[in-house]
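Engineer: dropping the sequence and predicted coords here.
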Amino acid sequence: MKVVIIGAGATGMAAAYDLSANGHLPIIYESAPFLGGHASTFDIGGAQIERGYHHWFTNDIDIINFVNEIGLGDRIKWFESKVGTLVNGKIYPFGSPIDLLKFSALSIIDRLKLGFATLYIQKKKNYKDFEHITASHWLRKNVGKNGYETFWEPMLRGKFGVKFYEKISMAWIWGKMHTRLASRGSSFSKEKLGYPIGSFSEIFEVLSNKIIQSGGEINLSTSVSKILVDNGKFTGLELAKNNTKTDLQYDACLVTTPSHIFQKLVGNNLTNSYREKLDSIKYMSAVLLILCLDRPLTDKYWLNIADRSIPFVAVIEHTNFINSDLYSGKHIVYLSNYLDSDNYMYNMSHNELLEHYIPHLKKINSDFNSDWIQNSYHHRIDCAQPIIGVNYSKIIPSHKTPVKNLFLANTSQVYPEDRGTNYSVRMGRNLAKMIMETC
C-alpha cells in the first residue's frame, strides 16, 4: 500500500517508520528543507540544538520506548530539573513541595491554599471533572485571589495572551500538572527530565535512514498544493514545485499539518460538521529568542516569569540542563513567548525583539550586561500551542476524516495531555495502525 504523509515532524516520521516496517510504502512530503517539524534543530557552533526547547518526562514512555527501538536508547540522559519562578524581582526555587512552603511571595495561608489545590488536582484521575470550567475561575476560587494573581495569572496570560487566558479550560492545567507530577518518584521527590544527547536531529536522521532503507521516500522542500478527492474518496495529491503542478496517485493519506492548512488542502470535500470543528481550533505561535552567552544567566533550567512587566513568559537555560561543553562552552538561553498574530511582538525582526528584551534581563540578573551576548537567533514556530477552551473534547476532529482513506493527525488532537513529542510519536504510531487496519 502506498501511503502519502504530509509533514516530516515526529507524527509523520513515526507513522512512516511503522508503515515501512510492515511492508508498506510511505512517501513523505515536507515543505521545509529539514526534518523534525516543531522539534527541528539548527546549528550553533557545530552542534545541533532545537529551535524550540524540548525535554522528556520520566513517564513519556511512548517516545522513550520508540528511541530505544530505533537503537538510540543509550543517548537518553536524565538530569534533576532546576525550576524557579521570578516574582517581584526575586527568583524562588520551585522544584519540590518544600520549595512551595518557602515561597515567601505569598503568605503562609496562601501557600497552603496553593499546595492543597495542587494535591487536590493530583488526586483527581479524570480530566472531565475540570473540563467544563475555566482555569481562571477554578484557580481564583481554590487558591485565592493572592495565589492566583501572584502565581497562576501571570503564567496563563503569558502562555495564552490577554485575548485567551481567561478562556482556557482547567482540564489543560490538570494535564500539565499530572504530567509533571508523574515525572517525580513521589510527591516529595524532585523532578527528573530527559534529553537525547546529540539533539533530536539524531533521532530524525536515524528514522529517515530506516524509512528509506525499507523502501520509503522523504521529499523535503516540497509543498502539497491540493488533496485530490473523487466521489468522497482520497485519490492523490497535487504538488507544486518549480512552478509546475504534478498529480500523483496514492492509496491513503495522512496529513499532519495544522487544522486550517488541512482545510485549505482538501477544499470543499468535508462535511459541514467536520469543517466547523476545524474552524474552531485556534493556535498560539511560539516566538523564541535564543541567546549564546559567555556565562550563565541564572542557576535554573526553567524559570517561569510571573511578572507581566517582562515581555516573555519563560527563560529556559538549556546549558543548566545539558553541559555547555557540548556547545563549545557557550551558555544557551531561550527567551520564550507565545503570541497570536495580533501581538505587536509577533512581527518584530530579530534585532527589534533582541533590543526589546535586553533591558528586562537585568530584572532576572542585575549583573547582566549585553556584552555577555556572543550571538543570538530568532525562531517563530506557528501553530505551536492549541488554545484549549472549556469542553474541548467536543470540538476535536476525529482522525478519520469524512473523506475515505484520508486521515488527520496534529497537535490539536492531543488531549487532555499537552502537546509534545511523546504524544506526537504515540499519535503517529496509532495512525499507522489505523491506516493499516482500515485501508
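Structural biologist: Thanks, I have it. Numbering: from 1, shown residues only.
Engineer: could I get the full set of strands for the stretch 251-400 of the chain?
Structural biologist: 252-255, 283-293, 302-305, 314-317, 331-339, 373-386 (DSSP state E, counting those that start in this stretch).
Engineer: name the residues that touch the third one?
Structural biologist: Taking contacts as C-beta atoms under 8 Å, 6 or more residues apart in numbering, the residues outside strand 302-305 that touch it are 81-86, 91, 94, 154-155, 158, 312-317, 364. For the C-beta atoms, the positions are set from N, CA and C on the backbone; glycine is no exception.
Engineer: who does it pair up with?
Structural biologist: strand 83-87 (parallel), strand 314-317 (antiparallel) (DSSP bridges).
Engineer: pLDDT (mean, whole number) over that strand?
Structural biologist: Averaging pLDDT along strand 302-305 yields 95.
Engineer: buried residues in the host helix or strand of Leu431?
Structural biologist: Per DSSP states H and E: Leu431 is located in helix 421-438. Using 16 or more other C-beta atoms under 10 Å as the test for burial, helix 421-438 gives 421-432, 434-436.
Engineer: out of the residues you listed, who's nearest Lys141?
Structural biologist: Within the buried residues of helix 421-438, proximity to Lys141 (C-beta to C-beta) peaks at Tyr423, which comes in at 29.6 Å.
Engineer: could you find the closest non-adjacent residue to Ala8?
Structural biologist: Glu30 (3.7 Å; C-beta to C-beta, 6 or more residues apart in numbering).
Engineer: surely the one you found touches Thr11?
Structural biologist: No: assessed by C-beta atoms under 8 Å, Glu30 is found out of contact with Thr11, at 12.0 Å.
Engineer: quick one, what contacts the residue located most distally from the centre of the chain?
Structural biologist: What lies farthest from the middle of the chain is Asn231; by C-alpha atoms, centre = their mean that is 36.4 Å. Counting by C-beta under 8 Å, 6+ apart, Asn231 makes contact with nothing.
Engineer: distance check, it against Lys404.
Structural biologist: Distance from Asn231 to Lys404, counting by C-beta to C-beta, to the nearest Å: 9 Å.
Engineer: Asp60 versus Tyr283, what's the distance?
Structural biologist: 23 Å.
Engineer: contacts only, for Leu354.
Structural biologist: Leu289, Ser376, His378 are the contacts of Leu354 under C-beta under 8 Å, 6+ apart.
Engineer: isn't Leu408 right up against Pro402?
Structural biologist: No: under the criterion of C-beta under 8 Å, Leu408 is not in contact with Pro402, lying 10.5 Å apart.
Engineer: neighbour count for the two, which is higher?
Structural biologist: Counted by other C-beta atoms under 10 Å, Leu408 and Pro402 do not tie: Leu408 has more neighbours, with 25 against 17.
Engineer: tell me the pLDDT of the more buried one.
Structural biologist: At Leu408, pLDDT is 98.
Engineer: again, but for Ser189
Structural biologist: At Ser189, pLDDT is 63.
Engineer: can you tell me the SS state at Tyr53?
Structural biologist: coil (DSSP: H, G, I helix; E, B strand; the rest coil).
Engineer: next helix or strand past whichever strand or helix holds Val143?
Structural biologist: Using DSSP H and E, Val143 sits in helix 135-147. Scanning forward in sequence from helix 135-147 by DSSP H and E, the next helix or strand is helix 153-164.
Engineer: could you check the angle strand 331-339 makes with that following helix?
Structural biologist: 40 degrees (axes from the mean of the first three to the mean of the last three C-alpha atoms, to 10 degrees).
Engineer: ok, and what's touching helix 153-164?
Structural biologist: Contacts for helix 153-164 (C-beta under 8 Å, 6+ apart): 135-136, 139, 165-168, 282, 284, 304-308, 312-314, 337-340, 342-343, 385, 387.
Engineer: mind doing that once more with 6 Å?
Structural biologist: Tyr165, Ile168, Asn304, Ala306, Arg308, Val313, Tyr338, Asp340, Ile387 (C-beta atoms under 6 Å, 6 or more residues apart in numbering).
Engineer: repeat that for stretch 195-214.
Structural biologist: 13, 16-17, 20, 35-36, 39, 41, 48-50, 55, 70, 75-77, 218, 322.
Engineer: quick one: the helices in the chain?
Structural biologist: Under the criterion DSSP state H, the chain carries helices at the ranges 10-21, 61-69, 97-101, 108-123, 135-147, 153-164, 170-182, 200-213, 259-266, 272-280, 350-361, 421-438.
Engineer: format the ones you listed as JSON lines; extra columns: mean pLDDT.
Structural biologist: JSON lines is the format used below for the helices of the chain (pLDDT from 0 to 100):
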{"stretch": "helix 10-21", "mean pLDDT": "98"}
{"stretch": "helix 61-69", "mean pLDDT": "97"}
{"stretch": "helix 97-101", "mean pLDDT": "88"}
{"stretch": "helix 108-123", "mean pLDDT": "93"}
{"stretch": "helix 135-147", "mean pLDDT": "97"}
{"stretch": "helix 153-164", "mean pLDDT": "90"}
{"stretch": "helix 170-182", "mean pLDDT": "84"}
{"stretch": "helix 200-213", "mean pLDDT": "98"}
{"stretch": "helix 259-266", "mean pLDDT": "96"}
{"stretch": "helix 272-280", "mean pLDDT": "97"}
{"stretch": "helix 350-361", "mean pLDDT": "98"}
{"stretch": "helix 421-438", "mean pLDDT": "97"}
